[in-house]
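Chemist: Fold the stuff below for me.
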Amino acid sequence: MQSRLESSAAGRVLISGVVSCILVAVLVPNMPNSQLRSELMRYVAPIVRVTGLTQEWGVFAPPRSISLYVEGRIDYADGTTGTVALPTRPGIEAYADYRWQKLGERLRLDVNARLWAPYARLLADRALAEGRSPVRVALVRRWAVSRPPGPGSERGPWREFTFFVMRVA
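Modeler: Residues are numbered from 1 along each chain as shown. Here you go, the predicted structure:
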């Protein structure tokens with residue numbers, strides 16, 4: 001009858017040793033740079049390479065230092081003004097709106113000026129579909145410098161710049 005590895009004392013020692021080696025192989029490369037880390041890496045590096053436990057954190061972008069949004073400001077024939085933000089929702093629903101976030105990232109860049117008129121036209125068409133009479137659509141960049149975590153406000157003062165204006169006929 002076949003016995004399980006963990007049912008014997010030797011098997012439990014072997015399993016504990018393998019788990020300990022893997023744990024060390026995960027922890028040591030993530031230690032701050034130091035002499036101890038360098039010494040331990042001589043022994044851990046082969047395990048890390050063979051098991052594929054390498055963690056390259058360089059693929060992650062540094063934290064953003066600025067909060068930046070694009071808004072549409074619509075002036076209507078009746079003298080009122082409306083503001084249209086790109087759609088965003090919290091939590092898991094944010095994934096459904098991610099395309100709008102990517103559009104906002106591209107809209108704000110001067111190299112993508114070709115996108116400005118079509119987006120302004122989209123905002124005007126939506127207003128018309130709602131029964132409103134838009135006469136002017138402006139695209140505005142709003143930004144604030146993000147502050148590090150801690151006491152005080154999360155961001156500095158908001159600033160804005162109108163980067164595109166379209167008259168609606």
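Chemist: list the contacts for Arg106?
Modeler: By Cβ atoms under 8 Å, 6 or more residues apart in numbering, Arg106 lies in contact with 112, 115. From N, CA and C alone the C-beta is placed, and that goes for glycine too.
Chemist: Can you give me the domain boundaries for this protein?
Modeler: Listed by automatic domain parsing, the domain ranges of the chain are 5-59, 66-167.
Chemist: what's the offset of the shortest one from the middle of its chain?
Modeler: The one in question is domain 5-59. 31 Å (Cα atoms, centre = their mean, to the nearest Å).
Chemist: Quick one: mean pLDDT for it?
Modeler: The pLDDT scores in domain 5-59 average 85.
Chemist: Buried deepest among the domains of the chain, which one?
Modeler: For the domains of the chain, the largest average neighbour count (mean count of other Cβ atoms under 10 Å) is found in domain 66-167, namely a mean of 14.
Chemist: Mean confidence (pLDDT) on that domain, please.
Modeler: pLDDT averaged over domain 66-167 gives 92.
Chemist: Quote the end-to-end distance of that domain.
Modeler: Start to finish, the residues bounding domain 66-167 are 31 Å apart (Cα to Cα, to the nearest Å).
Chemist: pull the CA atoms of the lengthiest helix in the chain into PDB?
Modeler: Determined from DSSP state H, the single longest helix within the chain is helix 9-27. In PDB, the C-alpha atoms belonging to helix 9-27 read as follows (Å, rounded to 0.1, in the frame of the first residue of the first chain):
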ATOM      1  CA  ALA A   9       8.700  12.100  10.000                       C
ATOM      2  CA  ALA A  10      11.300  12.100   7.200                       C
ATOM      3  CA  GLY A  11       8.600  13.200   4.700                       C
ATOM      4  CA  ARG A  12       7.500  16.100   7.000                       C
ATOM      5  CA  VAL A  13      11.100  17.200   7.400                       C
ATOM      6  CA  LEU A  14      11.600  17.100   3.600                       C
ATOM      7  CA  ILE A  15       8.400  19.100   2.900                       C
ATOM      8  CA  SER A  16       9.300  21.700   5.600                       C
ATOM      9  CA  GLY A  17      12.700  22.000   4.100                       C
ATOM     10  CA  VAL A  18      11.300  22.700   0.600                       C
ATOM     11  CA  VAL A  19       8.800  25.200   1.900                       C
ATOM     12  CA  SER A  20      11.500  27.000   3.900                       C
ATOM     13  CA  CYS A  21      13.800  27.100   0.900                       C
ATOM     14  CA  ILE A  22      11.000  28.600  -1.300                       C
ATOM     15  CA  LEU A  23      10.200  31.100   1.400                       C
ATOM     16  CA  VAL A  24      13.800  32.200   1.700                       C
ATOM     17  CA  ALA A  25      14.000  32.400  -2.100                       C
ATOM     18  CA  VAL A  26      11.100  34.800  -2.100                       C
ATOM     19  CA  LEU A  27      12.200  36.900   0.800                       C
END
